[in-house]
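Colleague: Can you look at this prediction? I've put the sequence above it.
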Amino acid sequence: MLVSMHKKIRIVSTSLLLMFYHCSPLYYHIFQSTETKEKSLVTQFVTPLILVESERSRGSVSVGIQVIYPWGNFTDMNDGTIRFQGNAGTFGSQVYSATNLFFAKCASGQIWENSSNTCSPAIPNTLRFCSANDNSCNDPGTLQLNGLGTSGIWSYCNGLTLAGRSWRPATKNEMKLTLYCANSPTTISDDNGSSCSSSGFKINTDLFPYDASKVCRYWTGSAFSLTDGWFINYCTGLAISSQTKSSFDYVRCVSDGP
């Protein structure tokens, strides 16, 4: 009982210090659950939307910051990957099941720097969804890239050697999970919806390094039609469908869990 009480006091004390002294650039947000009666008083008082974990050890793995959204938790694994533990639900008008994914911290052509836990060079390389504006690179039924045809983003991700994992281009719905609107941090924009009105980038730069020159467009691994593919715009906070497959954009790779 005394140990449990000490833990609760430590959690509340730490939370109050963070709120009053702002010792971190990330702040704690109040996020109240509908099942408050089943939660402890401490949990009801402070449940962080954004949680900072500084080099906390999980077994033999030392991890960095953790960011918590209604759709899941992102954890910087300090090995060039960002682990995502997703919740089941409807977010941005898309239905998600519970899932485990790993996102590459760096984008196409960038190298993860172990000493600084960042990426270089600052600007990624651009690649094509497909060399032709047709279905030669994607399944015409599922509209997902399938390794056929000549796809620059598929080849890049498939050839990525990072953390001993196998990689592929993230789908449209997977890439939407990385969107972040400071004015509405608990929601994701609908496809082709209204732009996020907050200033700055629409991605959490504490997880994913992002250059100040505003490299906005990132391909997803999802086609929209015979000629067009889905891309994520980190300047507007949207998933957009109107770009020809032979266009050049950046790409971020994903790996399936656990």
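Modeller: Done, it's in. Not measured: the values here are computed from a predicted model.
Colleague: Please enumerate the helices of the stretch 51-200 of the chain.
Modeller: Assigned helices in the stretch 51-200 of the chain, in chain order: 152-158, 172-176 (criterion: DSSP state H, counting those that start in this stretch).
Colleague: Now tabulate these in TSV and tack on mean pLDDT and mean neighbour count.
Modeller: Every C-beta, even on glycine, is put in place using the N, C-alpha and C of the backbone. As requested, the helices of the stretch 51-200 of the chain are exported to TSV (pLDDT from 0 to 100; neighbours: other Cβ atoms under 10 Å):
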stretch	mean pLDDT	mean neighbour count
helix 152-158	98	21
helix 172-176	98	22
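Colleague: Let me have the ones you listed in CSV, extended by distance to residue 215.
Modeller: Rendered in CSV, the data for the helices of the stretch 51-200 of the chain read as follows (distance: least, Cβ to Cβ, whole Å):
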stretch, distance to residue 215
helix 152-158, 15
helix 172-176, 15
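Colleague: Identify the residues contacting residue 80.
Modeller: By Cβ atoms under 8 Å, 6 or more residues apart in numbering, residue 80 lies in contact with 104, 105, 106, 112, 114, 162, 163.
Colleague: Identify, from those residues, the entry nearest to residue 208.
Modeller: residue 105 (6.3 Å; Cβ to Cβ).
Colleague: Sitting in strands, which of the contacts of residue 80 do you find?
Modeller: Counting by DSSP state E, the members of these that fall within strands are 104, 112.
Colleague: so where's the stretch 151-258 of the chain uncertain?
Modeller: 212 (pLDDT under 70).
Colleague: where along it do the strands fall?
Modeller: If you assign secondary structure with DSSP state E, counting those that start in this stretch, the strands in the stretch 151-258 of the chain sit at 168-169, 217-223, 228-233, 238-244, 248-251, 253-256.
Colleague: Adding mean neighbour count and distance to residue 155, write those out as CSV.
Modeller: Written out in CSV, the entries for the strands of the stretch 151-258 of the chain read as follows (neighbours: other Cβ atoms under 10 Å; distance: least, Cβ to Cβ, whole Å):
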stretch, mean neighbour count, distance to residue 155
strand 168-169, 24, 10
strand 217-223, 25, 12
strand 228-233, 24, 15
strand 238-244, 18, 19
strand 248-251, 22, 10
strand 253-256, 21, 11
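Colleague: shouldn't residue 158 be in contact with residue 152?
Modeller: No - taking Cβ atoms under 8 Å as the definition, residue 158 is not a contact partner of residue 152, at 10.9 Å.
Colleague: The residue nearest to residue 151 when sequence neighbours are not counted: neighbouring residues, count only.
Modeller: Excluding the flanking residues, the one nearest residue 151 by Cβ to Cβ, 6 or more residues apart in numbering is residue 137, at 4.2 Å. The local packing of residue 137 (other Cβ atoms under 10 Å) involves 25 other residues.
Colleague: Run a quick check on residue 137 versus residue 149, I expect a contact.
Modeller: Yes - counting by Cβ under 8 Å, residue 137 sits close enough to residue 149 to count as a contact (3.5 Å).
Colleague: any common contacting residues for the two?
Modeller: Common contacts of residue 137 and residue 149, defined by Cβ under 8 Å, 6+ apart, comprise 130, 131.
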